[in-house]
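J.: Mind looking at a prediction? Sequence and model below.
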Amino acid sequence: MIRAARRHLVRTLADIAAQQGIAAQTLLSSGRLRAEGFPAPLSAGRTRLYDGEQVDAYLAGRAVPALPTADDDEDLLDRQEAAALSGIALHAWDRRKKNPSVSEHMVLVGGVEHWPRHAVRDYTPAPRPRPSGGPGRPVGVVDQVPRDLLPACVAQLLDDDPALTAAGVTEQLGVHRNTAQAALTALRAQRMADVMEQRGVQAAQAAALGYPAGLTRRAGILAEATVRGRQARPYLADVARALHARGWTTTDTSPTVQHPEGDTCFAALVLDSPTAPAAALVWSERHGWRTSTSRRHPLGRGAAWPPPGPNVRHLATGTTPDPADLVKALKPTS
């Protein structure tokens, strides 16, 4: 927690790294934060915050001063502390914090949500009428969490419960079961892919993040595809630059790797110049390159790979032809 009147002293990892003239990742990997005597974080959440007075003293070789121990109404509590003070589970606090009488007191410190002790302690929930229908979300009710905010919300829930299920996401966030499942699979796959790259392991070993085996099968397949997509980025960037140099695109922005089928990498490059010989190009790690007639939906329905025809040309040979060969194959034949 952040004790009363000490909010201005809070330091993030980035602040501490900058203070020492190093990158935040260097600070994390150096082991300095685990050195004997280094001040403890102010909270137990994923984002670590520190008291600046304590950090300054440690770095200067002085005795680290103790923090105040007496509770104060203006102490700032993080999510875990607020739930503990309220005597409720974390997911219940996540619902409670949306109540205006609580949300109006929320403050961001170092990117982390906090609430004053008095706002947490004095909140009195209003009685809720018992629903007359069966369990689950009523038919026709829209998702309660906007799609652009859903990944962050699911990430927070997954941090607290590695065994989180789609049903649990639906219950806590009020989103459709299919939406919840897609978000969970994508998030697990991203985290597993990070571990696979960092440790040089396969998806099965990356699942050691605490995810139950039954919940990681689909995520493991997507994680493997995600790693391959990351490895393809330099090649796709070279192609984007070659097309731009030829004058067929207005920018040389590298395309985003997509996984519409879950286990295959795709990418689409829109050729937005009036002189371009096609509306767009589509790349598949299985098939290579082809043209597309649609700039808005170049992949088409389900990313199915169409046979060559009057409106679709398969370009060059192999799945990763040299960018110069791809440009040459794309040039109009007349």
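T.: Looks like it came in fine.
J.: Could you list the buried residues of stretch 263-279?
T.: For stretch 263-279, burial by neighbour count (16 or more other Cβ atoms under 10 Å) applies to 264-271, 276, 278-279. The C-beta positions use only the backbone N, C-alpha and C, and glycine is treated the same way.
J.: low-scoring stretches of the protein, by residue?
T.: For the chain, applying pLDDT under 70 flags the ranges 44, 124-145, 206-209, 213-215, 333-334.
J.: Helices of that one, start to end?
T.: Counting by DSSP state H, the chain has these helices, from start to end: 13-19, 24-30, 52-59, 79-86, 90-96, 100-103, 117-121, 150-160, 166-173, 177-199, 203-206, 217-245, 323-330.
J.: Relative to residue 4, which of those is closest?
T.: helix 117-121 (8.4 Å; Cβ to Cβ).
J.: what residues does the closest one touch?
T.: 71-77, 82, 85-86, 101-102, 105 (Cβ atoms under 8 Å, 6 or more residues apart in numbering).
J.: what number of residues lie near the residue nearest to residue 81 when sequence neighbours are not counted?
T.: With Cβ to Cβ, 6 or more residues apart in numbering as the measure, residue 1 is the residue that lies nearest to residue 81, at 5.4 Å, once sequence neighbours are left out. As a burial measure, residue 1 scores 20 neighbours (other Cβ atoms under 10 Å).
J.: for the one 5 residues further on, same thing?
T.: For residue 6, the number of neighbouring residues by other Cβ under 10 Å comes to 18.
J.: dump the residue contacts of it.
T.: By Cβ under 8 Å, 6+ apart, the neighbours of residue 6 are 51, 53, 67-68.
J.: Among the residues you listed, which one has the most neighbours?
T.: Of the contacts of residue 6, with other Cβ under 10 Å as the count, residue 51 tops at 21 neighbours.
J.: residues touching it, list them.
T.: 6, 9-11, 39, 42, 67.
J.: Identify, from the contacts of residue 6, the entry nearest to residue 177.
T.: Nearest to residue 177 among those, with distances taken as Cβ to Cβ, is residue 51, at 43.0 Å.
J.: does that closest one have beta-bridge partners, and which?
T.: residue 10 (DSSP bridges).
J.: now it: how far from residue 319?
T.: 53 Å (Cβ to Cβ, to the nearest Å).
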